[in-house]
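S.K.: when you get a sec, could you give me coordinates for this:
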Amino acid sequence: TNLLVLFSTGSRVKTDCTEFKSTSCLPCLEGTFVDKPTGRKNCFDCTNCDEGLGLKVKTSCTTTSDAVCEPLEGFYCTDQIGNNCVAAQKHTICQSGQYINQAGTAFTDTVCSDCSAGTFSDGTSTSCQSHTQCESNLQVIKPGTTSTDAECGEKRSNVAAIVAIVCVLFILLIIAAVVYWFCFRKKKMCFRSEERNTNPVIFSQPSLENGELSPSETVPMRISPGRTAVCCSLKCS
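M.R.: Residues are numbered from 1 along each chain as shown. Down below sits the predicted model:
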């Protein structure tokens, strides 16, 4: 009759016992373990804490105990068996305009909350900050949002705008004066040209009485272009 012999942890059965000899055992190899007495001829494989699953070794494996895994930094456990984490997930990253309401732990995810009006955060702080209030000698050049702070700058003077307007008006005035001068000059030249092209004026021949000019008769004159007619009164003595 075979005798059942329970061997110590960290060992496996090499040969079963018989009526003539007892069970022989061998220690577990590296990377294997037996954490309680059994009649197994093979040790258990140590758990692999896979970084690809967001895990790292918390307690190394020995021949008498399995390895214990925990989440990597920035991860939290999503599946746990006993004290051992078998799967983990990366903590939620808060976005701009949010703050970290509750920081993530090895077993809980990060909780994010939105910033209220008049405050901002880039998503990495545990609270939202109030927008910068510009001093009396400064003005807001860029309003703040929930993700960015307000930006202040020097107040812009109205003198520059006034100078620019005056310069523009002055230039327009000069242009208008030049245009008017050219138009006036052109019109004057046209008037003189028309005056030169006027046909000469010939007065009608006065009547003669007995071959002589009548008293108080005017002498007809031929008017050359561009000249003024002058009528002379002739009196016979």
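S.K.: how is the chain carved up into domains?
M.R.: Taking the TED database as the domain assignment, the record places the domains of the chain at 11-90, 98-153.
S.K.: what's the spacing between stretch 138-151 and its chain's center?
M.R.: Distance of stretch 138-151 from its chain centroid, counting by CA atoms, centre = their mean, to the nearest Å, is 14 Å.
S.K.: give me the buried positions along that stretch.
M.R.: 144, 146, 149, 150 (16 or more other CB atoms under 10 Å). No exception for glycine: its C-beta is placed from N, CA and C like everyone else's.
S.K.: so, low pLDDT: which residues of this protein?
M.R.: By pLDDT under 70, the low-scoring segments of the chain are 1-7, 15-18, 22-23, 156-160, 188-237.
S.K.: could you pull out the helices in it for me?
M.R.: 159-196 (DSSP state H).
S.K.: apart from its neighbours in sequence, what residue is nearest the residue nearest the centre of it?
M.R.: Using CA atoms, centre = their mean, the residue of the chain that lies closest to the mean C-alpha position is residue 148, 11.4 Å off. Excluding the flanking residues, the one nearest residue 148 by CB to CB, 6 or more residues apart in numbering is residue 120, at 5.9 Å.
S.K.: hmm, the one you found is touching residue 144, no?
M.R.: Yes: in this structure residue 120 lies within contact range of residue 144 using CB atoms under 8 Å: 5.8 Å.
S.K.: got any residues that touch both of these two?
M.R.: Residues touching both residue 120 and residue 144 (CB atoms under 8 Å, 6 or more residues apart in numbering): residue 131.
S.K.: surely residue 28 is in contact with residue 14?
M.R.: No: judged on CB under 8 Å, residue 28 makes no contact with residue 14 at a distance of 11.8 Å.
S.K.: neighbour count for those two, which is higher?
M.R.: The neighbour comparison of residue 28 against residue 14 (other CB atoms under 10 Å) goes to residue 28, with 22 against 11.
S.K.: quick check: closest non-adjacent residue to that one.
M.R.: residue 43 (3.6 Å).
S.K.: for residue 63, see how far away that neighbour is.
M.R.: Residue 43 sits 7 Å away from residue 63, going by CB to CB, to the nearest Å.
S.K.: can you pull the residues that touch both of those two?
M.R.: With CB under 8 Å, 6+ apart as the test, residue 43 and residue 63 both reach 28, 32, 33, 34.
S.K.: tell me, how many residues neighbour the last one?
M.R.: As a burial measure, the neighbour count of residue 34 was computed by other CB under 10 Å and equals 23.
S.K.: contacts only, for the nearest residue to it once chain neighbours are set aside.
M.R.: Spatially, and ignoring its direct neighbours in sequence, residue 34 is nearest to residue 43 (5.0 Å; CB to CB, 6+ apart). Shown in contact with residue 43 (CB under 8 Å, 6+ apart): 12, 28, 29, 32, 33, 34, 63.
S.K.: out of those residues, who's nearest residue 167?
M.R.: Nearest to residue 167, judged by CB to CB, of the contacts of residue 43 is residue 33 at 90.3 Å.
S.K.: please name the bridge partners of that closest one.
M.R.: When assigned by DSSP bridges, residue 33 has beta-bridge partners residue 44.
S.K.: give me every residue that touches it.
M.R.: 10, 43, 44, 46, 61, 62, 63, 64, 65, 66.
S.K.: make a ChimeraX selection of the buried ones in those.
M.R.: Written as a ChimeraX command, the selection of buried residues from these, which uses 16+ other CB under 10 Å, is:
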select :10,43,46,61,63,66
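S.K.: picking up where we left off before, in CSV: the domains of the chain, plus distance to residue 169.
M.R.: Listed next are the domains of the chain as CSV, based on distance: least, CB to CB, whole Å:
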stretch, distance to residue 169
domain 11-90, 65
domain 98-153, 28
